[in-house]
Each structure stands twice: as C-alpha cells, then as structure tokens.
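[1] Give me a 3D structure for the following:
(chains A and B)
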Amino acid sequence: GQQLNQSPQSMFIQEGEDVSMNCTSSSIFNTWLWYKQDPGEGPVLLIALYKAGELTSNGRLTAQFGITRKDSFLNISASIPSDVGIYFCAGGGYSGGGADGLTFGKGTHLIIQP
Amino acid sequence: DGGITQSPKYLFRKEGQNVTLSCEQNLNHDAMYWYRQDPGQGLRLIYYSQIVNDFQKGDIAEGYSVSREKKESFPLTVTSAQKNPTAFYLCASSPQGYEQFFGPGTRLTVL
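    This next block holds a predicted model:
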C-alpha cells in the first residue's frame, strides 16, 4: 500500500507553545484529513482538506493542503493540556487508485509538559 | 443519538479460535470500513464495503472475513488463519467522499 511519512514522531512541548507537524507522500492524494486519537479510543476527525493550496482552521487548529498534493501540515496554536494525544494524517483517493479506504501516517505523539 | 458502536471493548481469544467483532452505525452511512492498529503504527485497512451485500479487500485482508447484510452492520471475523491477531480494531463509516468517522474500537488479545 501507499506510505505517508509523518513527522515528527513525538513532540515534547510546554503549555502555551505552538505546534507544527507535517505529512508527506510520494503519491498525489485528492483529500487530506487530520485526526486526533486519545489512548484506547477511536480517532476523531479534526480537519478535512479537499483542494490543493486550501488552508482551513478549526479553532486553534490550522491545516493546509500542499500545492503539489503530496503533503499537508497541521498547526496548533497556544497548546493546552487537553491537546495531548496522537495526531494522524490521512490521505484519500491517491492517484494510483485502488481501495477507497484512507492511507494513514504513523502519527505524531504530542506530550505537553506543565 | 447517532454514532458508531463497537462491541465488545475488550476481547480475549484462545489460539485457534475464530472471533467476531461487532460494528453498528445509525448514521445512515453507505460505506463502512475495518482498520487494524498496532502499537506505534498507523491504521491499516482490512476490508471495506460501499454498499449492502458488497465488500472489498483492503491492504491486509488475509485471515479476516466480513459480511454486509444490512446497511447498519459490518461485522469482522478474525479467523484462526490470522497469524498475529492481537491488535486494536477500529470500525469507521462514511456518507460519501473521504471523511470517515470512527467507533471506539475493540482491543483483541490472543492468549
């Protein structure tokens, strides 16, 4: 299957700091999605991006769909303790066709130090 | 109260036994999916279904089977042929397009 390279693998930050993570692929995707997963729970959809160059916000979260359609980034501003968790990027409808499921990155584990 | 439910939350199985994981949704979504998640890994697609009585293999379908007899239900059977079944299993559904909404997951442990 396709691979998404998500970085960083983990982040240790102070409360109040801004956070940035990204996802890259060798293939083109038609959709980029960002999810957050708490331990032992299912992922929750944060932001969906459908157009190259699109910049979308959801509260303190901002995500962008890269112009080349091969990458996306997620920013979190002024982090708070409840932001702790694992953030996954996911690509949909990659140019190679195939299954209609999403292709997921391996996740960025966000840890906030008080 | 619309949503996706998975049961049970925790499941234990002896080697050589088949086990079925339940996934139900009342969101009236056409498409449903099963993913497997291993520690430190992303989600990998097992099977998906875009319409009743039809389903397709994902990237890691070997050792698994599914059925889609009703729009609301998409059960996953982990068979004895699956060599390493211990994992966290996630079910998702989607109306159309690529936005998928996940259930709470089932953690399967083989003893």
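
[2] near chain B, which residues of chain A?
    A:1, A:4, A:6, A:30-31, A:33, A:35, A:40-45, A:48, A:88, A:90, A:92-93, A:99-102, A:104-107 (CB under 8 Å from any CB of the partner chain). Placement of C-beta: from N, CA and C, glycine included.

[3] which intervals of the chain have sub-threshold pLDDT?
    Picking chain A for this. In the predicted model, chain A carries pLDDT under 70 at residues A:1-2, A:94-100.

[4] looking at chain B here, not the other one
    Scanning chain B for pLDDT under 70 picks out the ranges B:1-2.

[5] Of the residues of chain A next to chain B, just the buried ones, ChimeraX syntax please.
    Only the buried entries of the residues of chain A next to chain B go into this ChimeraX selection, using 16 or more other CB atoms under 10 Å in any protein chain shown:
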select /A:4,6,30,31,33,35,42,43,45,48,88,90,92,93,99,100,101,102,104,105,106,107
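
[6] Among the residues of chain A next to chain B, which ones are in strands?
    Using DSSP state E, the members of those that fall in strands are A:4, A:6, A:31, A:33, A:35, A:44-45, A:48, A:88, A:90, A:92, A:104.

[7] Tell me which stretches of chain B form strands.
    Counting by DSSP E, the strands of chain B are B:4-7, B:10-13, B:19-25, B:31-37, B:43-51, B:54-57, B:64-66, B:76-78, B:87-94, B:101-102, B:106-110.

[8] what sits up against the second one?
    Outside strand B:10-13, the residues that touch it by CB atoms under 8 Å, 6 or more residues apart in numbering or on different chains are B:19, B:21, B:78, B:85, B:106-111.

[9] can you pull the buried residues of stretch B:32-49?
    Using 16+ other CB under 10 Å as the test for burial, stretch B:32-49 gives B:32-37, B:42-49.

[10] Any chance of a markdown table for the residues you listed, columns distance to chain A?
    Converted to a markdown table, the buried residues of stretch B:32-49 look like this (distance: CB to the nearest CB, whole Å):
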| residue | distance to chain A |
| --- | --- |
| B:M32 | 10 |
| B:Y33 | 5 |
| B:W34 | 9 |
| B:Y35 | 7 |
| B:R36 | 11 |
| B:Q37 | 9 |
| B:G42 | 4 |
| B:L43 | 4 |
| B:R44 | 7 |
| B:L45 | 4 |
| B:I46 | 9 |
| B:Y47 | 9 |
| B:Y48 | 5 |
| B:S49 | 10 |
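
[11] now these as CSV including distance to A:M21?
    Formatted as CSV, these follow (distance: CB to CB, whole Å):
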residue, distance to A:M21
B:M32, 29
B:Y33, 24
B:W34, 27
B:Y35, 21
B:R36, 23
B:Q37, 19
B:G42, 14
B:L43, 17
B:R44, 21
B:L45, 22
B:I46, 26
B:Y47, 29
B:Y48, 27
B:S49, 32
